[in-house]
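Engineer: Need coordinates for the following:
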Amino acid sequence: MQINIPYGKEKQILNVDEANLNGILVSQIEDYHPELSQSELVAAAIEQPEGSAQLSQLAIGKQKIVIIASDHTRPVPSKIIMPLMLSEIRKGNPAAEITILIATGFHRLTTREELVGKFGEAIVEKERIVVHDSGDDSSLVKIGTLPSGGELIINRLAAEADLLVSEGFIEPHFFAGFSGGRKSVLPGIASRVSVLANHCGEFIAHPKARTGVIEGNPLHIDMLYAARTAKLAFVVNVVINSEKEVIYAVAGDCDAAHIKGRTFLEQLCKVQAPPSDIVITSNGGYPLDQNIYQAVKGMTAAEAAVKPGGVIIMLAKSNDGHGGAAFFNTFRDEKNLDKMLAGFVNTPRDETIPDQWEAQILARILLKAKVIYISAAPDEMIKEFQMTPAGDVQEALAMARDYLNNEAATVTVIPDGVAVIVE
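Structural biologist: Sure thing, here's the model as predicted:
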């Protein structure tokens with residue numbers, strides 16, 4: 001059987017014997033075909049918001065309006081969403097001073113070229129766009145204390161806005177349960193201090209901090225509190241398919257709309273996985289597979305489907321390299337994974353180090369299975385992460401069989417590891 005697996009902006013073709021294939025785990029999203037166009041879906045959601053007045057009504061009398069938008073690492077179809085949000089705001093208040101605030105969270109700053117790719121030249125030229133910098137204390141202000149005890153510090157523009165709204169998308173998230181909604185504020189436009197407190201070792205190790213889990217998830221509790229405290233009044237969130245096309249949209253109150261959106265998504269993306277010797281997956285291609293840091297997300301789907309002592313084959317272009325200096329340095333400087341994990345869990349919340357959470361989850365995965373990593377990153381960099389580099393998926397499969405000393409090893413394929421909830 002031939003199976004296409006996303007890799008960067010292209011695909012790699014896997015040839016696998018059906019006799020050894022345990023299954024191909026895909027979201028039913030690909031079988032869902034809405035009757036409306038992408039723009040019509042978003043417009044209809046904005047027209048009929050959940051738990052909120054319409055955006056145009058909220059904008060009346062509000063001078064400083066901030067729209068939080070996702071950054072270059074998220075495939076949010078902002079070219080569709082943003083013009084509709086801008087139009088709706090100006091319908092209620094033509095004189096509003098609108099700022100688009102890019103929610104970089106803990107990521108690098110978004111470039112102008114990436115902004116143009118995201119919004120189009122017209123919006124970049126005409127609108128005021130500010131890229132959030134979580135390390136720039138002069139642009140940040142404390143607005144409260146998180147339920148976990150950490151300081152809640154966010155971008156001053158958002159804190160001082162007369163109306164704060166956001167756009168985004170909802171997908172399974174490997175420790176927050178689902179992306180979207182409240183995540184626009186924390187980690188989106190929060191200080192590194194707040195992000196580190198929320199992403200602490202204790203919370204990442206929590207059994208509820210898993211893909212598709214919201215109830216009792218300590219990270220979610222902090223995130224929703226942050227959104228409420230920041231007065232995030234209205235969100236427009238979408239669900240997209242593998243072609244990054246909108247198939248569903250919700251709008252309104254940051255929690256009510258998110259609940260509706262994730263309920264829809266959950267019905268389509270839960271999959272059952274019999275444990276396999278080898279699990280092959282990806283991060284869904286560009287833009288989420290630009291670095292090793294982000295690729296950990298897709299690996300968690302394989303982690304849930306692989307037998308202990310088995311092999312995970314991960315495809316992630318990683319043209320930006322490791323994606324985080326602290327993340328890389330953690331693996332470079334500590335080779336004992338058990339010691340590494342123990343150190344993370346025992347680190348106090350207010351002493352969390354940058355990117356600790358990603359290292360913690362990758363170490364957990366590596367203790368369960370060998371990881372063969374297909375990318376454009378240097379081989380030596382891959383090896384520092386205690387993963388084995390490979391040139392393509394077919395070579396990686398042969399390497400996995402050799403490692404297991406089993407030509408008949410069972411194989412599960414998850415073409416897009418960030419699109420499913422593996423049970």
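
Engineer: residues touching residue 278, list them.
Structural biologist: 306, 310-313, 397, 400-401, 404, 409-412 (Cβ atoms under 8 Å, 6 or more residues apart in numbering). C-beta coordinates here come from the backbone N, C-alpha and C atoms, glycine included.

Engineer: redo that, cut-off 7 Å
Structural biologist: For residue 278, the contact set (Cβ atoms under 7 Å, 6 or more residues apart in numbering) comprises 310-311, 313, 400, 409-411.

Engineer: ends of stretch 373-381, how far apart?
Structural biologist: 11 Å (Cα to Cα, to the nearest Å).

Engineer: ok, residues contacting that stretch?
Structural biologist: 292, 314-319, 321-322, 382, 387-390, 392-393, 396.

Engineer: Next, find the distance separating residue 258 from residue 379.
Structural biologist: 41 Å (Cβ to Cβ, to the nearest Å).

Engineer: who's more crowded, the two?
Structural biologist: residue 258 (26 against 13; other Cβ atoms under 10 Å).

Engineer: Where does the more buried one fall, secondary structure wise?
Structural biologist: Secondary-structure assignment from DSSP states H and E places residue 258 in helix 256-269.

Engineer: Need the mean per-residue confidence for that helix.
Structural biologist: For helix 256-269, mean pLDDT is 97.

Engineer: again, but for stretch 216-226
Structural biologist: 98.

Engineer: Equivalent analysis for stretch 110-125, please.
Structural biologist: Across stretch 110-125, pLDDT averages out at 97.

Engineer: re the thing from before, just the buried subset of the contacts of stretch 373-381, please.
Structural biologist: Among the contacts of stretch 373-381, those classed as buried by 16 or more other Cβ atoms under 10 Å are 292, 314-318, 321-322, 382, 387-390, 393, 396.

Engineer: among these, which are in strands?
Structural biologist: Per DSSP state E, strands hold the following members of those: 314-315, 388-390.

Engineer: Which pair of those residues spans the longest distance?
Structural biologist: The span of these, defined through Cβ to Cβ, is set by 315 and 388 at 13.4 Å.

Engineer: could I get the ones in strands among the buried ones among the contacts of stretch 373-381 as JSON lines with pLDDT?
Structural biologist: Listed next are these as JSON lines, based on pLDDT from 0 to 100:
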{"residue": "314", "pLDDT": "98"}
{"residue": "315", "pLDDT": "98"}
{"residue": "388", "pLDDT": "98"}
{"residue": "389", "pLDDT": "98"}
{"residue": "390", "pLDDT": "98"}
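
Engineer: Let me know the closest of the residues you listed to residue 86.
Structural biologist: residue 315 (36.7 Å).

Engineer: Name the nearest residue to that closest one, sequence neighbours excluded.
Structural biologist: Counting by Cβ to Cβ, 6 or more residues apart in numbering, residue 315 lies nearest to residue 282, which is 4.2 Å off, once chain neighbours are set aside.

Engineer: Identify the residues contacting the one you found.
Structural biologist: So residue 282 contacts 5-7, 289, 298, 315-316, 415-417 (Cβ under 7 Å, 6+ apart).

Engineer: what about the strand or helix carrying residue 224, distance to the chain center?
Structural biologist: Per DSSP H and E, residue 224 falls inside helix 218-229. Put simply, helix 218-229 sits 17 Å off its chain's centre (Cα atoms, centre = their mean, to the nearest Å).

Engineer: do stretch 3-11 as well
Structural biologist: 19 Å.

Engineer: what does stretch 228-242 give?
Structural biologist: On Cα atoms, centre = their mean, the centre of stretch 228-242 falls 14 Å from that of its chain.

Engineer: Tell me the span between the first and last residue of that stretch.
Structural biologist: Note: stretch 228-242 ends 31 Å apart using Cα to Cα.

Engineer: tell me the secondary structure for the closest residue to residue 415 other than its chain neighbours?
Structural biologist: Distance criterion Cβ to Cβ, 6+ apart; nearest residue to residue 415, sequence neighbours excluded, is residue 5 at 5.2 Å. Counting by DSSP: H, G, I helix; E, B strand; the rest coil, the backbone at residue 5 sits in strand.

Engineer: Just list whatever residues bridge to residue 5.
Structural biologist: Assessed by DSSP bridges, residue 5 has beta-bridge partners residue 12.

Engineer: Next one: it from residue 99, what distance?
Structural biologist: 39 Å.

Engineer: Between helix 256-269 and the helix holding residue 224, find me the angle.
Structural biologist: 150 degrees (axes from the mean of the first three to the mean of the last three Cα atoms, to 10 degrees).

Engineer: following helix 218-229, which helix or strand shows up next?
Structural biologist: By DSSP H and E, the next helix or strand past helix 218-229 is strand 232-240.

Engineer: what's the following helix or strand after that following strand?
Structural biologist: Next along from strand 232-240, by DSSP H and E: strand 246-252.

Engineer: Give me the helices and strands touching that next one, please.
Structural biologist: Counting by 3 or more Cβ pairs under 7 Å, 6 or more residues apart in numbering; DSSP states H and E, the packing neighbours recorded for strand 246-252 are helix 38-47, strand 232-240, helix 256-269.

Engineer: about what we covered before: what are the buried residues along the helix holding residue 258?
Structural biologist: Buried residues in helix 256-269, counted by 16+ other Cβ under 10 Å: 256-262, 264-266, 268-269.

Engineer: just stretch 397-409 next, same as before
Structural biologist: In stretch 397-409, counting by 16+ other Cβ under 10 Å, buried: 397, 399-401, 403-404, 409.

Engineer: Closest one of those residues to residue 44?
Structural biologist: Looking across those and measuring by Cβ to Cβ, the closest to residue 44 is residue 397, at 44.2 Å.

Engineer: Quick check: the gap between the closest one and residue 160.
Structural biologist: 54 Å.

Engineer: Over to residue 205?
Structural biologist: 36 Å.

Engineer: Compare these two and say which is more crowded by neighbours.
Structural biologist: More crowded of residue 205 and residue 160, by other Cβ under 10 Å: residue 205, with 16 against 11.

Engineer: what residues are up against the more buried one?
Structural biologist: So residue 205 contacts residue 345 (Cβ under 7 Å, 6+ apart).
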